[in-house]
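[1] pasted the sequence and its predicted model underneath.
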Amino acid sequence: MYLHWYTRAKTFISSAVQTDTTRPLVAVSPANAAFMRPAVRLKATGLFPTGFAALSLGDTSASLLAGSRPIGEGSMAHSITAYRHAATPRDGAYRDIGLDLVEVTSSAAG
């Protein structure tokens, strides 16, 4: 699993790489990061069960870094405002999936 970080101008900043598949990938967004693209690179053909997967906003607490799975507790609510699913340019064997998320806040005056 990879997390690729980009600026608002879509300039690549850096990547976080999962090296231990028994623990969740925990990363802190770098300065000037506007969005992140998760990626998985498979090195063989075939069917691969994905198992549990979650992208959660949270902290880098000791329990999370020790392998506890985040459940999103304390994260703000988000709404999907756009969805894209298309063949990767120049190679239709791969798919590119995109979700645009917007933080949901109350619009009630108060």
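    On my side now, so go ahead. Numbers count the residues shown, from 1 in each chain.
[2] how many residues are close by residue 16?
    Residues near residue 16, counting by other Cβ atoms under 10 Å, number 18. All C-beta spots, glycine's among them, are computed from the backbone N, C-alpha and C.
[3] residues in contact with it?
    Residue 16 makes contacts with 2, 3, 5, 25, 27, as judged by Cβ atoms under 8 Å, 6 or more residues apart in numbering.
[4] one more time with 10 Å
    1-5, 25-30, 36, 38 (Cβ atoms under 10 Å, 6 or more residues apart in numbering).
[5] identify the bridge partners of it.
    According to DSSP bridges, the partner residues bridging residue 16 are residue 3.
[6] ditto for residue 78
    With DSSP bridges as the rule, residue 78 is bridged to residue 103.
[7] so what pLDDT did it get?
    pLDDT for residue 78: 72.
[8] same check on residue 20?
    At residue 20, pLDDT is 78.
[9] now residue 50
    Note on residue 50: pLDDT of 61.
[10] of the contacts of residue 16, grab the buried ones for ChimeraX.
    This is how ChimeraX selects the buried members of the contacts of residue 16, with burial counted by 16 or more other Cβ atoms under 10 Å:
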select :3,5,26,27,36
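[11] which pair in the contacts of residue 16 spans the largest distance?
    With Cβ to Cβ as the measure, no two of the contacts of residue 16 lie farther apart than 1 and 30, at 17.3 Å.
[12] quick one on the thing from earlier: mind putting the contacts of residue 16 into JSON lines with secondary structure, pLDDT and distance to residue 81?
    As requested, the contacts of residue 16 are exported to JSON lines (DSSP: H, G, I helix; E, B strand; the rest coil; pLDDT from 0 to 100; distance: Cβ to Cβ, whole Å):
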{"residue": "1", "secondary structure": "coil", "pLDDT": "80", "distance to residue 81": "24"}
{"residue": "2", "secondary structure": "strand", "pLDDT": "85", "distance to residue 81": "24"}
{"residue": "3", "secondary structure": "strand", "pLDDT": "88", "distance to residue 81": "21"}
{"residue": "4", "secondary structure": "strand", "pLDDT": "90", "distance to residue 81": "21"}
{"residue": "5", "secondary structure": "strand", "pLDDT": "89", "distance to residue 81": "20"}
{"residue": "25", "secondary structure": "coil", "pLDDT": "78", "distance to residue 81": "25"}
{"residue": "26", "secondary structure": "coil", "pLDDT": "78", "distance to residue 81": "26"}
{"residue": "27", "secondary structure": "coil", "pLDDT": "81", "distance to residue 81": "23"}
{"residue": "28", "secondary structure": "coil", "pLDDT": "80", "distance to residue 81": "25"}
{"residue": "29", "secondary structure": "coil", "pLDDT": "82", "distance to residue 81": "20"}
{"residue": "30", "secondary structure": "coil", "pLDDT": "85", "distance to residue 81": "24"}
{"residue": "36", "secondary structure": "strand", "pLDDT": "85", "distance to residue 81": "16"}
{"residue": "38", "secondary structure": "strand", "pLDDT": "83", "distance to residue 81": "18"}
